[in-house]
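Enquirer: structure of the sequence below:
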Amino acid sequence: MIGISTCWWKTPSFCGDEKVDDILGLGFEGIELEYRITNAMYRQMKPLLRGRLRVLSIHNYFPVPENQRGQEGSGDYFLLSSTDEEEQTLAIKYTIRTIEHAHDLQAQAVVLHLGCVEMKNPFDRFKSTYASGKIHQPEGIRLREEQRAIRCEKCQKSLDAVLFSLERLNREAEKREVSLGIENRYYFHELPNFEEIGIILKEFEGGNVRYWHDVGHAAVHENLGLLRQKDLLNRYGDSMLGIHLHDANGLDDHFAPGQGMVDYSMITPFLKPSTLQIFEVHPKVPRPDVAAGLAFLKDRVPSEIGSLQALGNKE
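Expert: Next up, the predicted model:
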């Protein structure tokens, strides 16, 4: 079964059966609900989510927290890594609400952004170095070493905050039989990095915290020389709860699979019958490209997992 993230929807409102028909007509069998969905949209959708359209996963924070900041939905609406007690409390509160909705809708997983290290985001420097063609030359190597040293010096208090937040959330997830997927992220300063994934998984071994792999994010980090996608999958594939499937060109991602530089022949062997697979593409991707991307994936999924129990969202 392959699902699609609601991040692809081009309109700000839900159109009922029309939207369901479009999703099913493309060949998807489920969806991932994500953080741009408001309470009003959710009330409109909910009657259809127990019938024709199966919810495979939910991306925190869902639905958009109301009466808080007046901002649009975001996976980083509050930071689970925050060292500010009030923000961390709100992050835990609204993540628990997402877990409750997942349980109510019989979704297997909640996808989490864990926050960031309290350091300046160096992405613009990485981007300009990449654009100049120097990312794998001495200039790029020095930049990576410099930023890794800064991150290493500053990361511990943010990681400790994440572990504290996850301790509470894991208990709630266990009670409601929902798994939590910690997602590898797009920006260098975000949590978790390669090593931190292992620390978190070890801390919650035997619990409901698992790894959630994002193909495009890993591809961008590989293009920046920060890690290799295959190393992530080799190390954490056995703990992988689910995967966001999209493609990347350079430092841009969320293209339909098959329209970028990602080597899917390397990724598909890591997919198991239990792996939640979510097709996650940008709203700018046209419908024919979505259909072609789905066909591309189905052609490359090994036959023994061709009838997966689940698939489906940077976001």
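Enquirer: residue contacts, residue 20?
Expert: 48, 52, 53 (C-beta atoms under 8 Å, 6 or more residues apart in numbering). Heads up, the C-betas are built off the backbone N, CA and C, glycines and all.
Enquirer: who does residue 3 form a beta bridge with?
Expert: On the basis of DSSP bridges, residue 3 is bridged to residue 30, residue 278.
Enquirer: do you know how far it is from residue 159?
Expert: Going from residue 3 to residue 159 by C-beta to C-beta, to the nearest Å gives 31 Å.
Enquirer: what does residue 165 give?
Expert: 11 Å.
Enquirer: okay, and the common contacts of those two?
Expert: Common contact partners of residue 165 and residue 159 (C-beta under 8 Å, 6+ apart): residue 81.
Enquirer: which one is the residue nearest the centre of the chain nearest to, not counting chain neighbours?
Expert: The residue lying closest to the centre of the chain (C-alpha atoms, centre = their mean) is residue 183, at 4.9 Å. Excluding the flanking residues, the one nearest residue 183 by C-beta to C-beta, 6 or more residues apart in numbering is residue 212, at 4.4 Å.
Enquirer: could I get the pLDDT score of that neighbour?
Expert: For residue 212, the pLDDT comes out at 98.
Enquirer: what do you get for residue 182?
Expert: 98.
Enquirer: residues touching residue 80, list them.
Expert: Residues in contact with residue 80 (C-beta under 8 Å, 6+ apart) are 88, 91-92, 95, 112-115, 161-162, 165-166, 169.
Enquirer: from the residues you listed, which ones fall inside strands?
Expert: residue 112 (DSSP state E).
Enquirer: quick check, nearest of the contacts of residue 80 to residue 271?
Expert: Of all the contacts of residue 80, residue 112 has the smallest distance to residue 271: 20.8 Å, by C-beta to C-beta.
Enquirer: what about that closest one, neighbour count?
Expert: By other C-beta atoms under 10 Å, the residues close to residue 112 number 25.
Enquirer: is it bridged to anything, and to what?
Expert: Assigned bridge partners for residue 112, using DSSP bridges, are residue 182.
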